[in-house]
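>>> Sequence first, predicted coordinates after that:
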Amino acid sequence: MTKEREISLLERVVSLCKRRGFVYQGSEIYGGLAGTWDYGPMGVRLKNTITKLWWKTFVDDRSDMYGIDAAILMNANVWKAVGHVEGFTDPLIECTKCKHRFRADHIRERAEKKMCPTCGGALGDPRQFNMMFETNVGAVRDSSSIAYLRPETAQGIFVNFKNIVDSFHPKLPFGIAQIGKAFRNEITPRDFLFRTREFEQMEIEYFVKENEWEQYFELWRKHVRDWTKSIGLAAKNVHELEVETGDRAHYSKRTIDFEYSFPFGRKELYGLAYRTDFDVRSHAAASSVDLNYQDLDTGERFMPHVIEPSFGLDRTILAVLLESYAEDELGSETRVYLKLPAHLAPVSVAVFPLLKNKPDLVKKARAVFDSLRKQDFAAAFDDNGNIGKRYRRQDEIGTPLCVTVDFTTLEDDTVTVRDRDSGKQERVKLDELTLYIEERIVPA
Ligand code: GAP
C-alpha cells in the first residue's frame, strides 16, 4: 500500500466509526476535548467482547490468576514511592513564535535544529513535563489533599499484592490482573484511539522467583503473541522489538514492545516488561509494611520479582478495526465491510423480515430474534429499508450472519442465512439454526 492509501485507511475507519456508532469525538457538540473519545453502542459491544475474551483467557481459564478492580484515585504516596511524581515525564518543547507544543522525541531532527515543524519559528529548550493528572480529594484544596488519576493500572495491583497473598495464600508463580481506566496528560494526543489522554489498560503483574524470571518472560512473550492471533491480527503486522537500555522505563530490566503496523507507522501496541522487584520493594520501603513473600514449604521470605504484560484496550480496538476494514465489489456495487473475527463482532446475527408491511413475516422474524436473544446470541432485529440496505448496515458493523424470514419460512420453517464475507446465502431449517450459528461464531 502507498502512504497516501494508508493515511486514507485511517480516515475511512474514523468515518465508519462515527457513522455506525463505534466511536465519537469526546464532548463533540462543544468542539471536542483533545485526547478523549466516546464509545457508542457498537464500540461498547466490541470493547466488551474483547475484555471478556481477555479476562477468560488470562484469568478465568487459569488457576494461577487473581482478578481485581482497584480504585482510580490512589494515595499520592503510591506515586511518590515508585518515582512517578518525580519522573513520569515526557520531554516537552515549545515554539517561541506560534506557541505550539511538541514531544521533543517525536520531532528529534527539528528539535536538534530548533526549528518549529508547524511555523518554522524558533523552538525553546526542552523541559520535562509530568503527565499525571492532578486533582484534590475532599473539601480542602491544598498540597495535603493532592491525588492523582492513575497513569497505569499496574500500581492498583501492586498495592493489593499483600491483600491477595493474605486472602488466598497463592504459590509462586501467580498473577494479579485488572482492566481499567488510566489517564495521561499526553503532550500531543493523536492518531485517533492510539494516543489519548484517557484510555483503558488490561494489565497483569505476574509474580515469580527472581531466578525464574527469564523462563516466565519467554512464556508471557508467547502468551501475548497468541493473544494477537486470537483477536485476528495478522502475524505480518505484529512485530517484537527489544527495547534498548536507554529507552526502557526506569523500573525495567528487559522490555519487549509488541508493535503493530498502523497506517501511521510501526508503533507500540503492547509492552512486556521485567519489572524486577522494583515496585514491591519501593512500596515496602515507603509504606513500612512488610511485603516479603513467604514460601510456605521452605519458610523462606523474599521479595518476588515481576513480569508485566500490559495491553492497551483502545489500541487493541484500533488495530482490530484497521485489520478488519475491507472494501470489495458485491453484486456490482462497492461495499464497505468489517471482516471482524466472528467471535468479536458486536452483533453475531441480524434477523430481518423480508417485508416490513407483512405482519406474519414480522411476527415470525421477531420470534426468531427473541429465541436467539434468549440463547444469549448478540442478535439484532432490523426491518428498516430494503434488504440490500440492511445488509450494507450489518456489513459495516461486521455482522457475520444475517437471517431473513420470507414467505417460504411460513410454509416450511426454513430461513435464508447470508454470509458476510462471501455474500452467499443458504437455506437453513429453523431447528438447526442455533447449531449453524454456533459453528460459525465460536472460535475453534
Ligand atoms: N504498566 C506499564 C505501562 O503502563 P506503558 O508502555 O506506558 O506501560 C502500556 O503502557 C500500554 O498502554 C501501551 O502498550 C499502550 O497499549 C497503552 N497506552 C499507553 N499510553 C497510551 C495512550 N496515551 N493512549 C492509548 N493507549 C495507551
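Arrived safely.
>>> Now this protein against the ligand: closest residue?
For the chain and the ligand, the shortest gap (CB to the nearest ligand atom) falls at residue 312, measuring 2.0 Å. For every residue, glycine as well, the C-beta is placed using N, CA and C.
>>> Now do that residue against residue 278, distance only.
From residue 312 over to residue 278 the distance is 21 Å, taken as CB to CB, to the nearest Å.
>>> neighbour count winner among those two?
Between residue 312 and residue 278, residue 312 has the larger neighbour count (other CB atoms under 10 Å), namely 23 against 20.
>>> pLDDT score assigned to the more buried one?
For residue 312, the model assigns a pLDDT of 98.
>>> coming back round to it: can you tell me who the residue of the chain closest to the ligand pairs with across the strands?
residue 201 (DSSP bridges).
>>> Quick one: name the residues of this protein near the ligand.
Residues of the chain found near the ligand (CB under 6 Å from any ligand atom) are 152, 154, 184, 186, 195-196, 199, 201, 203, 268-271, 308, 310, 312, 314-315.
>>> how does it look with 5 Å?
The chain comes close to the ligand at residues 152, 154, 186, 195-196, 199, 201, 268, 270-271, 310, 312, 314-315, as judged by CB under 5 Å from any ligand atom.
>>> So which of those residues sit within strands?
Among the residues of the chain next to the ligand, DSSP state E puts 199, 201, 268, 270-271, 310, 312 in strands.
>>> need the strands for the stretch 51-200 of the chain, in chain order.
65-68, 73-74, 89-94, 101-103, 127-130, 134-136, 146-149, 174-183, 198-208 (DSSP state E, counting those that start in this stretch).
>>> Include mean pLDDT and mean neighbour count when you put the ones you listed into TSV, please.
Converted to TSV, the strands of the stretch 51-200 of the chain look like this (pLDDT from 0 to 100; neighbours: other CB atoms under 10 Å):
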stretch	mean pLDDT	mean neighbour count
strand 65-68	98	17
strand 73-74	93	14
strand 89-94	90	18
strand 101-103	90	18
strand 127-130	91	15
strand 134-136	94	13
strand 146-149	94	18
strand 174-183	98	21
strand 198-208	98	23
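>>> would you list these in TSV and tack on distance to residue 409?
Below are the strands of the stretch 51-200 of the chain laid out as TSV (distance: least, CB to CB, whole Å):
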stretch	distance to residue 409
strand 65-68	44
strand 73-74	55
strand 89-94	60
strand 101-103	59
strand 127-130	63
strand 134-136	58
strand 146-149	54
strand 174-183	42
strand 198-208	42
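>>> Please enumerate the helices of this structure.
Ranges of helices in the chain, per DSSP state H, are 3-19, 41-55, 76-81, 84-87, 108-113, 154-158, 161-168, 213-230, 278-287, 313-324, 359-374, 387-397, 407-412, 433-441.
>>> The ones you listed: lowest mean pLDDT?
Looking at the helices of the chain, the lowest mean pLDDT belongs to helix 3-19 (a mean of 83).
>>> For that helix, what is the distance to the chain centroid?
Relative to the chain's own centre, helix 3-19 is displaced by 19 Å; criterion: CA atoms, centre = their mean, to the nearest Å.
>>> Would you mind listing the buried residues in it?
Across helix 3-19, burial judged by 16 or more other CB atoms under 10 Å covers 9-10, 13-14, 16-17.
>>> Let's see it as PDB, backbone CA atoms only.
Presented in PDB, the C-alpha positions along helix 3-19 are these (Å, rounded to 0.1, in the frame of the first residue of the first chain):
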ATOM      1  CA  LYS A   3       1.400   6.000   2.100                       C
ATOM      2  CA  GLU A   4      -1.400   8.000   0.600                       C
ATOM      3  CA  ARG A   5      -3.700   4.900   0.600                       C
ATOM      4  CA  GLU A   6      -2.600   4.100   4.200                       C
ATOM      5  CA  ILE A   7      -3.500   7.500   5.500                       C
ATOM      6  CA  SER A   8      -6.900   7.300   3.900                       C
ATOM      7  CA  LEU A   9      -7.400   3.900   5.600                       C
ATOM      8  CA  LEU A  10      -7.300   5.600   9.000                       C
ATOM      9  CA  GLU A  11      -9.700   8.300   7.800                       C
ATOM     10  CA  ARG A  12     -12.100   5.700   6.500                       C
ATOM     11  CA  VAL A  13     -12.000   3.800   9.800                       C
ATOM     12  CA  VAL A  14     -12.600   7.000  11.700                       C
ATOM     13  CA  SER A  15     -15.500   7.900   9.500                       C
ATOM     14  CA  LEU A  16     -17.100   4.400   9.700                       C
ATOM     15  CA  CYS A  17     -16.700   4.500  13.500                       C
ATOM     16  CA  LYS A  18     -18.800   7.700  13.600                       C
ATOM     17  CA  ARG A  19     -21.300   6.600  11.000                       C
END
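>>> Can you tell me which helices and strands it packs against?
Under the contact criterion of 3 or more CB pairs under 8 Å, 6 or more residues apart in numbering; DSSP states H and E, helix 3-19 touches strand 23-25, helix 313-324, strand 325-330, strand 333-338.
>>> Take these and write them to TSV, including mean neighbour count.
Converted to TSV, those look like this (neighbours: other CB atoms under 10 Å):
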stretch	mean neighbour count
strand 23-25	19
helix 313-324	22
strand 325-330	14
strand 333-338	16
